[in-house]
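Engineer: Got a sequence here, can you model it:
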Amino acid sequence: MKFKKIAALLGAFTIVGSLFIAGCGSNTTHNDKVWRVGTDATYAPFGFKDKDSGKLAGFDIDIINAIAKEEGLEVDIQNLNFDALLPALQSSTIDIAISDMTISEERAKSVDFSKPYYIAGNGLVVNLDNTTINSFKDLEGKKIGVSIGSTGAEIASKIPNADVRQFNIIVDAFLELENKGVDVVINDTPVNEYYVNGKGKGIAKVTGEDYDAAPLGIAVKKGNTELLKKVNDGLTKIKENGKYAGIYKKWFGKEPPAEVLK
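Structural biologist: Residues are numbered from 1 along each chain as shown. The predicted structure follows:
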């Protein structure tokens, strides 16, 4: 009888242990009907926190919401620093990252990108009284502000003798420019223009021609083909039904270029 009782107890422990392990291996709080989306809400007009409502707003926010709606899903958007987005995807903390992110060969090694949803170049922002920086050719030896992990940071790293200062958020780089701590900020042109027409009005200006324009993409974890297919499907639908154009005009005040509607 003792052996039978011991065997029964061992069997019970085995079942309980199996359930515990199964529970630890799954994310019971993850709702399959909700996409967990990461963005850096300091890149207005792509993403920012509305000062009146306190909610996240912007082009990227509207785009991912529209895509999810076409796919019959909802989104839960988390505000993360830009350099934390790819690690969050790789650790499955989020499902999707959308944050004015340029599709690059280096990033594509660790994540998969959707079809392009915007095409943007990088430009320069300087203080109004700066007359010495008029193009990227003038940046040698200058103090340059960029955000960590951005395309601007990659561009700045190739400029001879530059003193590159990286900030967690682009807003801090602009603030450092205002305080004369850096000579110039390299960042995506739409964000630059939004800044100089808003908080930087009367303080800073956009100068020079854009660095090579490149497509922006929505990132998912490497190998998550099912999710990527849904994102691309929803993106195609909003481009075809006119919703994309409506969102584009709302935030940029003009019709989207034909190349981004492909």
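
Engineer: Could you list the buried residues of stretch 78-98?
Structural biologist: Neighbour counts using 16 or more other CB atoms under 10 Å place 78, 80-86, 88-89, 94-98 of stretch 78-98 among the buried residues. From N, CA and C alone the C-beta is placed, and that goes for glycine too.

Engineer: Can you list which of the residues you listed are found in strands?
Structural biologist: Among these, the members found in strands (DSSP state E) are 78, 96-97.

Engineer: Any chance of the backbone angles for the residue positioned nearest the centre of the chain?
Structural biologist: By CA atoms, centre = their mean, the chain has its centre lying nearest to Ser99, at 1.8 Å. Backbone geometry at Ser99, expressed as degrees, to the nearest 10, gives phi -170, psi 60.

Engineer: and what of Val37?
Structural biologist: The phi and psi values for Val37, taken as degrees, to the nearest 10, are phi -110, psi 130.

Engineer: And for it, the neighbour number?
Structural biologist: Val37 has 23 neighbouring residues, counting by other CB atoms under 10 Å.

Engineer: Low-confidence regions, the stretch 101-250 of the chain specifically.
Structural biologist: The stretch 101-250 of the chain contains no residues with pLDDT under 70.

Engineer: what ranges do the strands span in it?
Structural biologist: For the stretch 101-250 of the chain, the strands defined by DSSP state E, counting those that start in this stretch cover 111-113, 118-120, 122-127, 143-147, 163-167, 184-188, 204-207, 214-216, 219-221.

Engineer: thinking again about what came up before, next, the contact list for the residue nearest to the centre of the chain, please.
Structural biologist: If you count contacts by CB atoms under 8 Å, 6 or more residues apart in numbering, Ser99 has them with 38-40, 43, 46-47, 60, 82, 85.

Engineer: quick one: the spatially closest residue to Ile218 that is not a sequence neighbour and Ile96, what's the gap?
Structural biologist: Nearest-residue entry for Ile218: Ser114, 4.1 Å, with adjacent residues in sequence omitted and distances by CB to CB, 6 or more residues apart in numbering. Remark: distance between Ser114 and Ile96 (CB to CB, to the nearest Å) = 9 Å.

Engineer: Check Gln90 too.
Structural biologist: For Gln90, the distance to Ile96 equals 13 Å [CB to CB].

Engineer: Let me know how buried Thr207 is, in neighbour terms.
Structural biologist: 18.

Engineer: I'd say it and Val125 touch.
Structural biologist: Yes: using CB atoms under 8 Å, Thr207 is in contact with Val125, at 7.5 Å.

Engineer: Quote the end-to-end distance of stretch 55-74.
Structural biologist: This stretch, stretch 55-74, spans 16 Å end to end (CA to CA, to the nearest Å).

Engineer: again with stretch 229-249
Structural biologist: First-to-last residue span, stretch 229-249, CA to CA: 26 Å.
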